[in-house]
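Q: Whatever this is, show me its structure:
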Amino acid sequence: MNSDATLPRWADLFLLPLVCLATALLVAAGVVALVGQDPWDVLLALIAGAFGTARGLSYTLYYTTTFVFTGLSVAVALHGGLFNIGTEGQATLGGLGIALVGLWLGPVLPAAVMLPLLVVGGAVFGMVWAAVPGYLQAYRGSHVVITTIMFNFIASSLLTYLLVNVMRAKGGMAMESASLAASARLPSATAMLAWFGIEWPESPLNASLLLAVLAVLMVYFFLWRTRAGYRLRAVGSSATAAEYAGIPARRQVMLAMALSGALAGMVGMNEVSGVSGKLVLEFVGGAGFTGIAVALMGRNHPFGIVLAAVLFGALFQGGTEVAFDVPGFTRDMVVMLQGLIVLFSGAMTYVIAPVLARSLLLLRRLFVRLGGGLRHG
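A: Numbers count the residues shown, from 1 in each chain. Presented below is the predicted three-dimensional model:
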């Protein structure tokens with residue numbers, strides 16, 4: 001691609017994700033039509049399932065909350081020049097930290113003290129788990145992609161061991177911990193809205209949605225409004241140039257991974273403190289890997305990540321409803337639709353971006369010629 005055919009910033013942040021999404025939906029519509037379904041009926045059923053009812057909207061926002069945390073986690077690492085594939089494991093350790101703090105202090109502390117401690121516990125456990133691959137990358141040369149993948153397996157095995165041999169509730173057969181005390185439980189959206197006299201159906205949506213909003217604002221402020229965020233992004237753009245300018249790249253690698261792990265650890269606030277009220281096996285459920293697609297589709301910008309997280313939340317909730325409401329449309333087809341969006345928001349971005357850049361350049365030249373013709377006419 002020619003140097004003058006690069007995407008402007010606004011197109012990279014807004015237009016490219018929309019084009020990728022539209023392309024994914026068109027391809028998915030073709031596949032749906034090939035299996036004998038009406039793409040329009042499927043799309044309408046998906047939208048209605050995700051946003052058409054208060055209960056459906058609540059489930060969409062519940063999924064969105066988790067994807068915001070994992071998407072921000074991946075994005076912060078990417079801004080530091082690191083591809084953190086270990087968000088799944090860091091979220092797992094964050095949930096473990098939340099459960100340990102909740103089981104230990106929940107029975108003796110009030111909610112006003114307990115809930116902030118849970119946030120700290122989840123952030124610290126996720127941060128420490130991410131800092132180890134960060135250290136290995138910065139000071140030992142081990143590639144962060146490899147180490148974070150391995151740490152996902154270690155985290156899963158560790159959680160399994162603890163739930164089987166250490167933390168399982170007395171007398172219980174299920175692989176889960178004892179229930180957290182009421183002071184260690186985040187209030188549900190139903191309870192919060194009831195404080196204002198608003199009736200809302202029961203759902204997993206809880207106060208962690210507010211934590212996700214706060215995380216978005218804090219990440220934006222840190223990355224683009226502080227010197228520390230500028231240094232982190234400088235190292236992510238070029239570690240060699242940053243070192244030449246006096247910015248210690250190794251410290252920024254550690255900082256990026258620590259912040260990334262802390263954000264991933266907040267998944268436990270949604271799942272452990274907000275929904276189940278106990279530590280259960282596989283509570284992350286692949287959200288860490290979905291966060292990679294969310295970050296890429298959101299162009300690693302906090303507000304873009306919010307939009308991408310809402311999209312994936314709608315796909316998860318609306319896809320479930322489609323599988324029930326549309327005869328012959330199976331859950332596997334929903335997974336196919338999600339996979340196409342992941343494909344086009346990730347790898348295919350590098351195929352679509354040059355084409356889009358050349359198209360915008362041609363349009364610009366066309367408008368310049370038309371404007372010149374009108375002036376001379």
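
Q: Tell me both backbone torsions, phi and psi, for residue 280.
A: Phi and psi for residue 280, reported as degrees, to the nearest 10, are phi -120, psi 160.

Q: give me every residue that touches the closest residue to it other than its chain neighbours.
A: Among residues not flanking residue 280 along the chain, residue 176 sits closest, at 4.5 Å (Cβ to Cβ, 6 or more residues apart in numbering). The C-beta positions use only the backbone N, C-alpha and C, and glycine is treated the same way. By Cβ atoms under 8 Å, 6 or more residues apart in numbering, the residues touching residue 176 are 163, 168-169, 276, 278-281.

Q: Pull up the gap between residue 176 and residue 99, please.
A: In this view, residue 176 and residue 99 are 10 Å apart by Cβ to Cβ, to the nearest Å.

Q: any common contacting residues for the two?
A: With contacts defined as Cβ under 8 Å, 6+ apart, the residues shared by residue 176 and residue 99 are 278-279.

Q: Dihedrals phi and psi, residue 299?
A: phi 60, psi 30.

Q: correct me, but it touches residue 13?
A: Yes. The pair residue 299 / residue 13 is scored as a contact, 5.1 Å apart, by Cβ atoms under 8 Å.

Q: More neighbours: these two, which one.
A: The residue with more neighbours, out of residue 299 and residue 13, is residue 299; 20 against 16, by other Cβ atoms under 10 Å.

Q: Which helix or strand in the protein has the lowest average pLDDT?
A: helix 331-345 (a mean of 76; mean pLDDT, DSSP states H and E).

Q: Mind listing what's buried along that helix?
A: Using 16 or more other Cβ atoms under 10 Å as the test for burial, helix 331-345 gives 333-334, 337-338, 340-345.

Q: Ok, stretch 234-250 next?
A: The neighbour-count check on stretch 234-250 (16+ other Cβ under 10 Å) flags 234-236, 239, 242, 247, 249 as buried.

Q: do stretch 296-311 as well
A: So stretch 296-311, judged by 16+ other Cβ under 10 Å, has buried residues 296-302, 304-311.

Q: got it, and stretch 251-260?
A: In stretch 251-260, counting by 16+ other Cβ under 10 Å, buried: 252-260.

Q: which outside residues touch that stretch?
A: 73-74, 76-77, 79-82, 84, 87, 90, 127, 130-131, 133-135, 137-138, 144, 222, 228, 231-232, 234-236, 242.

Q: what's the spacing between that stretch and its chain's center?
A: 18 Å (Cα atoms, centre = their mean, to the nearest Å).

Q: Name the residues that touch stretch 92-100?
A: 118, 121-126, 128-129, 152, 155-156, 158-159, 162, 167, 177, 180, 261-262, 264-269, 271-273, 278-279, 283-284.

Q: which of the residues you listed count as buried?
A: Of the contacts of stretch 92-100, these count as buried by 16+ other Cβ under 10 Å: 118, 121-126, 128-129, 152, 155-156, 158-159, 162, 167, 177, 180, 261-262, 264-269, 271-273, 278-279, 283-284.

Q: so of those residues, which ones are in helices?
A: Taking DSSP state H as the definition of helices, these contribute 118, 121-126, 128-129, 152, 155-156, 158-159, 162, 261-262, 264-265, 267-268.

Q: List the contacts of stretch 229-236.
A: With Cβ under 8 Å, 6+ apart as the criterion, stretch 229-236 contacts 76, 78-82, 221-223, 241-242, 245, 247, 249, 252-253, 255-256.

Q: mind running it again at 10 Å?
A: 76-82, 219-224, 226, 241-243, 245-253, 255-256, 259, 300 (Cβ atoms under 10 Å, 6 or more residues apart in numbering).

Q: residues near residue 315, how many?
A: Residue 315: 22 neighbours (other Cβ under 10 Å).

Q: So for it, what's the pLDDT?
A: According to the prediction, residue 315 has pLDDT 89.

Q: now do residue 210
A: The model's pLDDT for residue 210 equals 97.

Q: Check residue 68 too.
A: 98.

Q: repeat for residue 72
A: For residue 72, pLDDT reads 98.

Q: need the contact list for it.
A: For residue 72, the contact set (Cβ under 10 Å, 6+ apart) comprises 87, 212, 215-216, 218-220, 259-260, 262-264, 266, 291, 294-295, 298, 300, 302, 305-306, 309.

Q: Does the residue positioned nearest the centre of the chain belong to a helix, a strand or coil?
A: Nearest to the mean C-alpha position of the chain, counting by Cα atoms, centre = their mean, stands residue 71 at 2.6 Å. Following DSSP: H, G, I helix; E, B strand; the rest coil, the label given to residue 71 is helix.

Q: Find the nearest non-adjacent residue to it, please.
A: Of all residues not flanking residue 71 in the chain, residue 294 sits nearest, at 3.4 Å (Cβ to Cβ, 6+ apart).

Q: Am I right that the one you found sits in a strand?
A: No. The assignment for residue 294 (three-state DSSP) gives helix, which keeps it out of a strand.

Q: Quick check: it vs residue 370, distance?
A: As defined by Cβ to Cβ, residue 294 lies at a distance of 40 Å from residue 370.

Q: again with residue 204
A: 54 Å.

Q: Looking only at neighbour counts, state which of these two leads.
A: Between residue 204 and residue 370, residue 204 has the larger neighbour count (other Cβ under 10 Å), namely 19 against 10.

Q: and residue 125, what does it touch?
A: 90-101, 261-262, 264-265, 268.

Q: Show me these that map onto strands.
A: Per DSSP state E, strands hold no members of these.

Q: Where does pLDDT dip in this protein?
A: Counting by pLDDT under 70, the chain shows low-confidence ranges at 1-5, 345-347, 371-377.

Q: Recalculate using a threshold of 90.
A: Low-confidence segments of the chain, defined by pLDDT under 90: 1-43, 45-46, 169-175, 293, 296-299, 315-316, 318-377.
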